[in-house]
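S.K.: got a predicted structure here, sequence first:
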Protein chains: 2
Amino acid sequence: MKASLDCIPCFIRQALEAARLASTHSAVHEGILREVLRWAVEMDMDQPPPVMGQRIHRQLRKIVGIEDPYRDVKDRQNRMALTLIPDLKTQIMAAANPLVTALRIAIAGNVIDMGVNGNVSESLVRESLNQALTEPFEGDWKGFCSAVAEAQSILYLTDNAGEIAFDRLLIEQLGPARVTVAVRGAPVINDATMADALAVGLHEIVEIIDNGSDAPGTLLDECSQEFRQRFIQADLILAKGQGNFETLSEDERNIFLLFKAKCPVIASHVGLPVGTYVLARSRAGFPQTGLSRP
Amino acid sequence: MKASLDCIPCFIRQALEAARLASTHSAVHEGILREVLRWAVEMDMDQPPPVMGQRIHRQLRKIVGIEDPYRDVKDRQNRMALTLIPDLKTQIMAAANPLVTALRIAIAGNVIDMGVNGNVSESLVRESLNQALTEPFEGDWKGFCSAVAEAQSILYLTDNAGEIAFDRLLIEQLGPARVTVAVRGAPVINDATMADALAVGLHEIVEIIDNGSDAPGTLLDECSQEFRQRFIQADLILAKGQGNFETLSEDERNIFLLFKAKCPVIASHVGLPVGTYVLARSRAGFPQTGLSRP
């Protein structure tokens, strides 16, 4: 999807938040802010929002001279998510439909998004889990279950650190043998990289690849040859998060997009209120008509 | 007070909201947004925020070719506020301290601020009134009562349309004979101009002047000679709203600043949470120490 004019003030705010997280020097904050403003003047509104996000965070890393300014935050988010896992496993095992319960949990985990909310607490994550497990969610979950039943190979595109621990629960239900997990190729915001996949033990159950890119989404043209091949060959792709929605929602492959609609632009794009837990399909039109609720 | 880096994304958002209110053409929205971004790159952070607000809204009026794009909104806000007045008058008459009750109501009215919240409903105003009348508020209200008792002449600087109806209730308690009301010299956002003072009947009880400026605050250097004279001569100045706080808080004259702290930058500046109803003094240090609560 194309960026909206509303993305611009949000990018400016994000850039400032990111600068403050990466450096304590106000001159650095101001420098990054003014640079992002300069780009925004000329911004190509036909690009999806993660193109701007990628540019902001590349510049940020360059100015502060730190390869992964969110490393500590991501470590904390992984640890926090891991403490919730035993209880969630029990809930999945006791559920009438473990696959759909794990799906809900994986979507709830998408609340851990530093691009939208710089300060995600454990209580916010718990609240999100409670909501996701009890409230109706929007999407063709029956279609999801059928697609999962039919797929020989599933490519699972992760989004954020912390969230990736919840993804593991869904992958366990999918049957790890046919799943490949793809993380970002390099640090950007709190998006999960190989280090996060290892931190939550995904390597114990599935093959993990990286996509070769530092965009906070999936810009296929920028991804590695290996990733693109896996992407084309997969029977089914599950893509987590707003960034993947923004970059893949118009793709014609068999993609389910799992995310929490956290910003008004995306919520309006899918025709649902901000805060909705969404299971959408690429190119299949969203919101799904004839929503069925598990 | 100087602008903060946080003011910049907020200005960009405000500019976009204002553009959408003033025009239905997306090319206009984009044009204004890109122009504001261009200024923001070079923005002088030593200026108070209303300097940027003034510039944005001048440009907006020029592009859309409408002298007062918020006229309809302001008319609606005045009508909405006037419907609440009879009940509020009854409450003031029944109050133990009518002056302080009217003060609370006048501060509550400051919620009607299109710069911060583009969509102020009657229920939001009612909620604000309830809060302001029941919750403790921050400020030296005893000092306020003493200053009022001593002043021979009071200059009352209004902020927004709608709110100005509540200001009338406070002015009635102050004793209108010694009060002069000053409105903005030309339209900017939903700030009250002479038309709004007349709409709520202020001319029936006090002399009204305008300040000769179209800034959403009081930039003294830009105000008319007449206004500046009144400003210097007044024993006591009451100034409503964040814009007046931003431009007058460092002034050495005897100014009480009455506003709701609606943005994080100002809230942090006065050391109080967002949403607090504030009665501050210029140059007297804020928050007031030894807060007394009516």
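M.R.: Okay, I see it. Computed from a prediction, not measured in an experiment: that's the story for all the values here. Residues are numbered from 1 along each chain as shown, chains lettered A, B, ... in the order given.
S.K.: what's the burial count for A:Thr134?
M.R.: 8 (other Cβ atoms under 10 Å in any protein chain shown). Any C-beta I mention is one placed from the backbone N, CA and C, and that applies to glycine too.
S.K.: next, the contact list for the residue nearest to A:Asp44 when sequence neighbours are not counted, please.
M.R.: Leaving aside its chain neighbours, A:Asp44 sits nearest to A:Val51 (7.9 Å; criterion: Cβ to Cβ, 6 or more residues apart in numbering or on different chains). A:Val51 makes contact with A:3, A:44, A:215, A:219 under the criterion Cβ atoms under 8 Å, 6 or more residues apart in numbering or on different chains.
S.K.: my read is that the third one contacts A:Val188, right?
M.R.: Yes - the pair A:Ala215 and A:Val188 passes the contact test of Cβ atoms under 8 Å, sitting 6.7 Å apart.
S.K.: so what sits against both of the two?
M.R.: Going by Cβ under 8 Å, 6+ apart, residues that sit against A:Ala215 and also against A:Val188 are A:53-54.
S.K.: ok so, going back, could you tell me which of the contacts of A:Val51 count as buried?
M.R.: The neighbour count (16 or more other Cβ atoms under 10 Å in any protein chain shown) marks A:3, A:215, A:219 as buried among these.
S.K.: which residues of chain A score low on pLDDT?
M.R.: A:115-119, A:284-294 (pLDDT under 70).
S.K.: strands of that one, start to end?
M.R.: Taking DSSP state E, the strands of chain A run over residues A:138-139, A:154-157, A:179-183, A:207-210, A:236-240, A:255-260, A:277-281.
S.K.: show me chain A divided up by domain.
M.R.: A:7-64, A:71-281 (automatic domain parsing).
S.K.: show the contacting residues for A:Val232.
M.R.: Check again: residue A:232 is Ile, not Val. By Cβ under 8 Å, 6+ apart, A:Ile232 lies in contact with A:Arg253.
S.K.: please apply the same query to A:Val125.
M.R.: By Cβ under 8 Å, 6+ apart, the contact list for A:Val125 reads A:80-81, A:84, A:108-109, A:111-112, A:162.
S.K.: A:Ser268 too?
M.R.: By Cβ under 8 Å, 6+ apart, A:Ser268 lies in contact with nothing.
S.K.: what about it, distance to chain B?
M.R.: To chain B, A:Ser268 is 14 Å away according to Cβ to the nearest Cβ, to the nearest Å.
S.K.: ditto for A:Ile209
M.R.: Distance of A:Ile209 to chain B, given as Cβ to the nearest Cβ: 36 Å.
S.K.: hmm, who's touching the longest helix seen in chain A?
M.R.: Looking across chain A with DSSP state H, the single longest helix is helix A:71-94. Residues outside helix A:71-94 that contact it (Cβ under 8 Å, 6+ apart): A:21, A:68, A:98, A:101-102, A:105, A:109, A:112, A:114, A:120, A:122, A:125-126, A:129, A:133, A:160-166, A:168-169, A:173, A:187, A:190, A:192, A:195-196, A:199-200.
S.K.: what about 7 Å?
M.R.: A:98, A:101-102, A:105, A:109, A:112, A:114, A:122, A:125, A:161-162, A:165-166, A:169, A:173, A:190, A:196, A:199-200 (Cβ atoms under 7 Å, 6 or more residues apart in numbering or on different chains).
S.K.: in it, which residues are buried?
M.R.: A:71, A:73-74, A:76-78, A:80-81, A:84-85, A:88-89, A:91-92.
S.K.: try stretch A:38-45
M.R.: Residues of stretch A:38-45 classed as buried by neighbour count (16+ other Cβ under 10 Å): A:39-41, A:43.
S.K.: got it, and stretch A:183-192?
M.R.: A:183-192.
S.K.: distance from it to the middle of the chain?
M.R.: Chain-centre distance of stretch A:183-192: 10 Å, with Cα atoms, centre = their mean, to the nearest Å.
S.K.: quick one: end-to-end distance for that stretch.
M.R.: The stretch stretch A:183-192 measures 6 Å between its terminal residues, going by Cα to Cα, to the nearest Å.
S.K.: show residues contacting it.
M.R.: Here stretch A:183-192 has contacts from A:54, A:57, A:67-68, A:70, A:73-74, A:77, A:114-115, A:158-161, A:164, A:193-194, A:196-197, A:208, A:210-216, A:224, using Cβ under 7 Å, 6+ apart.
S.K.: now do stretch A:194-202
M.R.: With Cβ under 7 Å, 6+ apart as the criterion, stretch A:194-202 contacts A:74, A:78, A:82, A:161, A:164-165, A:168, A:181, A:183, A:203, A:208, A:210.
S.K.: and the two most separated of these?
M.R.: The most widely separated members of those are A:Leu82 and A:Asp210, with 21.3 Å between them, by Cβ to Cβ.
S.K.: for chain B, give me its nearest residue in the stretch 151-294 of chain A.
M.R.: A:Pro264 (11.2 Å; Cβ to the nearest Cβ).
S.K.: neighbours around that residue, how many?
M.R.: Around A:Pro264 there are 13 residues (other Cβ under 10 Å).
S.K.: not counting its neighbours along the chain, what's nearest it?
M.R.: The spatial neighbour of A:Pro264 that comes closest, neighbours along the chain excluded (Cβ to Cβ, 6+ apart), is A:Val274 at 5.7 Å.
S.K.: phi first, then psi, for the one you found.
M.R.: phi -60, psi 140 (degrees, to the nearest 10).
S.K.: quick one: it from A:Val265, how far?
M.R.: The spacing between A:Val274 and A:Val265, counted by Cβ to Cβ, to the nearest Å, is 10 Å.
S.K.: so these two - more neighbours on which side?
M.R.: A:Val265 (18 against 13).
S.K.: so that one is in contact with A:Lys2, correct?
M.R.: No - the pair A:Val265 / A:Lys2 is not scored as a contact, 10.0 Å apart, by Cβ atoms under 7 Å.
S.K.: next, give phi and psi for A:Ala96.
M.R.: The phi/psi pair for A:Ala96 (degrees, to the nearest 10) is phi -60, psi -40.
S.K.: count residues in the vicinity of it, would you?
M.R.: A:Ala96 has 7 nearby residues by other Cβ under 10 Å.
S.K.: again, but for the one 5 residues further on
M.R.: Using other Cβ under 10 Å, A:Thr101 is surrounded by 22 other residues.
S.K.: and the gap between it and A:Phe166?
M.R.: Counting by Cβ to Cβ, the gap from A:Thr101 to A:Phe166 is 11 Å.
S.K.: ok, A:Ser282 next?
M.R.: Per Cβ to Cβ, A:Ser282 is found 22 Å from A:Phe166.
S.K.: got it, and A:Glu42?
M.R.: Computed with Cβ to Cβ, the distance linking A:Glu42 and A:Phe166 is 38 Å.
S.K.: one more: A:Ser249?
M.R.: Taking Cβ to Cβ as the measure, A:Ser249 falls 22 Å from A:Phe166.
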